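Visitor: Pasting a predicted model and its sequence here:
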Amino acid sequence: MCGRFALTSSPKEVDEAFSLPELEAFPPRYNIAPTQPILMVMAGEPRQPGSNLPDRTSLLVRWGLIPTWVKDTRSFPLLFNARSESASEKASFRTAMRHRRALIPASGFYEWRQDGKKKGQPFWIRPRDGGLIAFAGLMETYAEPGGSEMDTGAILTTQANSDIAHIHERMPIVIHAQDFSRWLDCRFQEPRDVADLLRPAEQGFFEAIPVSDLVNKVANTGPEIQDRIDPALVQEQPRSEKKKNPPNDDQMSLF
């Protein structure tokens, strides 16, 4: 699964990677959690004749997809991940998989090695060569009973490759730049036409860096949560002595 990720690249870097010339400014975000707003890239309206830019648009969505048929969101589970192997058949994701595929810009993600029933050692998992990546995502617009609408989304996951499997059995799907347009094209590319993209990242693409348990708390939003540690040297400290960061308002609102 993927329950935390980061987007620390500048708006200019995101613009260059995803061809989003109208992208607004936003701060680096080191600890993005479910229910918070995330940036998604989707196919937009066709551009003017002669333009060599792809037809893409960006939007903020709530991380946690809500299908249109849900009556009571309070009793509905938080769908921040979607299993790619069954997304085309599952009622919660089937429509979005056909009509609203998206890209989610990211710098990497966090995963925890399980220790029994508890969260164990956390890892910051990033591209070995650095730079931006794009997770495969799904978007759904939920109409609330009062009439307001809310854009929501989920990250598609698949079986982890050998680089990640010793930490967790699942990982987010990465869509490479040469496949952006095909993945986003919901007018002519049906789910079966892009099924070949729903695969683990190639071996060696990611590196897993052990980090401290600062990342466990959503309130910790600074770059220090990505600092490498030596797990063998980490000793349990009294709770009152652990480093605390004040909540960062920028974390809760992308723009």
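Guide: Thanks, I have the structure now. As the structure is a prediction and not an experimental result, all values here were calculated from the model.
Visitor: where along the stretch 1-150 of the chain do the strands fall?
Guide: Using DSSP state E, counting those that start in this stretch, the strands of the stretch 1-150 of the chain run over 4-7, 29-32, 37-43, 56-63, 81-83, 101-106, 108-115, 118-127, 133-143, 149-159.
Visitor: Of all those, which one is nearest A177?
Guide: strand 133-143 (7.6 Å; Cβ to Cβ). All C-beta atoms are positioned from the backbone trio N, CA, C, and that covers glycine.
Visitor: dump the residue contacts of the nearest residue to S92 once chain neighbours are set aside.
Guide: Among residues not flanking S92 along the chain, P67 sits closest, at 4.8 Å (Cβ to Cβ, 6 or more residues apart in numbering). When contacts are counted by Cβ atoms under 8 Å, 6 or more residues apart in numbering, P67 touches A91, S92, F93, T95, E140, Y142.
Visitor: Buried subset of those residues, written for PyMOL?
Guide: PyMOL command restricting the contacts of P67 to the buried ones, with burial defined by 16 or more other Cβ atoms under 10 Å:
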select buried, resi 92+93+140+142
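Visitor: ok, back up a step: just the pLDDT at the residue nearest to S92, thanks.
Guide: P67 is assigned a pLDDT of 96 by the prediction.
Visitor: what separates it from R74, distance-wise?
Guide: Counting by Cβ to Cβ, to the nearest Å, the gap from P67 to R74 is 15 Å.
Visitor: Where does pLDDT dip in the stretch 1-150 of the chain?
Guide: Confidence mapping of the stretch 1-150 of the chain against pLDDT under 70 gives the ranges 46-54, 117.
Visitor: Please repeat the previous calculation with a cut-off of 90.
Guide: Low-confidence segments of the stretch 1-150 of the chain (pLDDT under 90): 1, 20-24, 44-55, 72, 74, 114-119, 144-148.
Visitor: quick revisit: tell me the one among the contacts of P67 nearest to E169.
Guide: Taking these together and measuring to E169 by Cβ to Cβ, the closest member is F93, at 19.7 Å.
Visitor: need the contact list for that closest one.
Guide: Per Cβ under 8 Å, 6+ apart, neighbours of F93: L65, P67, L79, A82, A87, L138, A154.
Visitor: In space, what's closest to it - neighbours in sequence excluded?
Guide: Here the residue nearest F93, using Cβ to Cβ, 6+ apart, is A87, at 4.2 Å.
Visitor: what about that neighbour, neighbour count?
Guide: 22 (other Cβ atoms under 10 Å).
Visitor: So it sits against R94, correct?
Guide: Yes. A87 is in contact with R94 according to Cβ atoms under 8 Å; the separation is 7.3 Å.
Visitor: from the contacts of F93, which would you call buried?
Guide: For these, buried by 16+ other Cβ under 10 Å: L65, P67, L79, A82, A87, L138, A154.
Visitor: Dump these to TSV, plus distance to Q178.
Guide: Shown next, in TSV, are these (distance: Cβ to Cβ, whole Å):
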residue	distance to Q178
L65	27
P67	31
L79	29
A82	23
A87	22
L138	21
A154	24
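Visitor: if we can go back for a sec, export the contacts of P67 to TSV and tack on distance to F188?
Guide: What follows is the contacts of P67, written out as TSV (distance: Cβ to Cβ, whole Å):
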residue	distance to F188
A91	24
S92	24
F93	20
T95	17
E140	21
Y142	26
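Visitor: Between the contacts of P67, which sits nearest T35?
Guide: The closest of those, once distances to T35 are taken by Cβ to Cβ, is Y142, at 13.2 Å.
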